[in-house]
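Trainee: Fold the stuff below for me.
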Amino acid sequence: MSDTDWTQIKVRTTSDHADTIADILEQLGALAVSYTDAEDTPILEAGVAERRLWPNTEVTGLLDRNADGEDILRKLKALLGDHVPMACVKLQDKNWIRAWMDQFKPIKFGSRLWICPSWLEVEEKDSVVIKLDPGMAFGTGTHPTTALCLEYLDSIDLKGKQVLDYGCGSGILAISALKLGAENALGIDIEEQAIIASKENATRNCVAERLELFMDPKEMEDKPLSPVTVANILAGPLSMLEPAIASLTAKGGLLALSGILTEQADEVLKTYEKDFDMNPIKELNGWALLTGVRK
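Mentor: Sure, this is the predicted structure:
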């Protein structure tokens, strides 16, 4: 092996242009293309009907070491313009999978709940461990909104209860609720990929038989109302979904909402006050958690 075994081209762009740039890199000889978050804004578990890419995305093309990186940059600038940030890096060959895996550690939420990559273990006594691997489009607990929801679930008594996860994404909230003692869980998401991810993660965590998944709220009409409802989406969709979420939550049922910026929290709270007695807003790193009880 030589000292520089790979040529790497990095281009910073927006989600709207990421696929186009990936196609160009492949045409210029990239052997592999990947997308990463350019500004530490992980995607939330649930979303609206759109492609799940970060608003600021770094597209990376990996080329053979003999590729002329500077020539590729010139071609990219001719196509994209000089204003688009891009760079060429020479890389040494190494065990990239092992280097990637070594970045991640188990994360604790609340008093006993842990989100842990599948290749690691948690040694703490009486811990509740969810096996969930990083790199998923739907989130693995590192974002403040997910952390707020997980800490909330760990703080309440779920024993024997049904939990509704509205906008289930990876299934992380529903699966955590089941591992924390919930009898069963319902998950709903408009994205087919989210349903697939939730099924796979539920199977990995041995709770698949207690999790039912849906893409249409009408499919849940024959289900009992849920005494606990969680929704980690976005402020706009949450406000629009208030009637649906209220209709699926049992009288006296607990509610937790996140995916809300702190400056959006008051507006969402007012929307839910129609059907819920809302508690004071909890904040973490610019994000809010709203909780309440169904009237």
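
Trainee: which stretches of the stretch 51-200 of the chain form helices?
Mentor: 69-80, 96-101, 144-155, 172-179, 192-204 (DSSP state H, counting those that start in this stretch).

Trainee: Could you list every helix and strand in contact with the fourth one?
Mentor: Helices and strands in packing contact with helix 172-179 are listed as strand 113-116, strand 128-131, helix 144-155, strand 162-166, strand 184-188, helix 192-204, strand 211-214, strand 226-232; criterion 3 or more Cβ pairs under 8 Å, 6 or more residues apart in numbering; DSSP states H and E. Glycine gets a C-beta too; all of them are placed from N, C-alpha and C.

Trainee: will you turn these into JSON lines that also has mean neighbour count, mean pLDDT and distance to W287?
Mentor: Output for those, formatted as JSON lines (neighbours: other Cβ atoms under 10 Å; pLDDT from 0 to 100; distance: least, Cβ to Cβ, whole Å):
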{"stretch": "strand 113-116", "mean neighbour count": "22", "mean pLDDT": "86", "distance to W287": "17"}
{"stretch": "strand 128-131", "mean neighbour count": "20", "mean pLDDT": "88", "distance to W287": "21"}
{"stretch": "helix 144-155", "mean neighbour count": "22", "mean pLDDT": "92", "distance to W287": "4"}
{"stretch": "strand 162-166", "mean neighbour count": "27", "mean pLDDT": "97", "distance to W287": "18"}
{"stretch": "strand 184-188", "mean neighbour count": "24", "mean pLDDT": "97", "distance to W287": "22"}
{"stretch": "helix 192-204", "mean neighbour count": "18", "mean pLDDT": "89", "distance to W287": "20"}
{"stretch": "strand 211-214", "mean neighbour count": "19", "mean pLDDT": "96", "distance to W287": "26"}
{"stretch": "strand 226-232", "mean neighbour count": "25", "mean pLDDT": "97", "distance to W287": "10"}
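
Trainee: Sheet-wise, list the partners of the host helix or strand of A250 with their directions.
Mentor: With secondary structure defined by DSSP states H and E, A250 is part of strand 249-261. Using DSSP bridges, the strands paired with strand 249-261 are strand 226-232 (parallel), strand 287-294 (antiparallel).

Trainee: From what I see, S170 and D133 are in contact.
Mentor: No. S170 is beyond contact range of D133, at 9.6 Å (criterion: Cβ atoms under 8 Å).

Trainee: Looking at those two, which one has more neighbours?
Mentor: S170 (27 against 16; other Cβ atoms under 10 Å).

Trainee: Look up how far T146 lies from that one.
Mentor: Noted for S170: a distance of 9 Å to T146, by Cβ to Cβ, to the nearest Å.

Trainee: ditto for G181
Mentor: As judged by Cβ to Cβ, G181 and T146 stand 20 Å apart.
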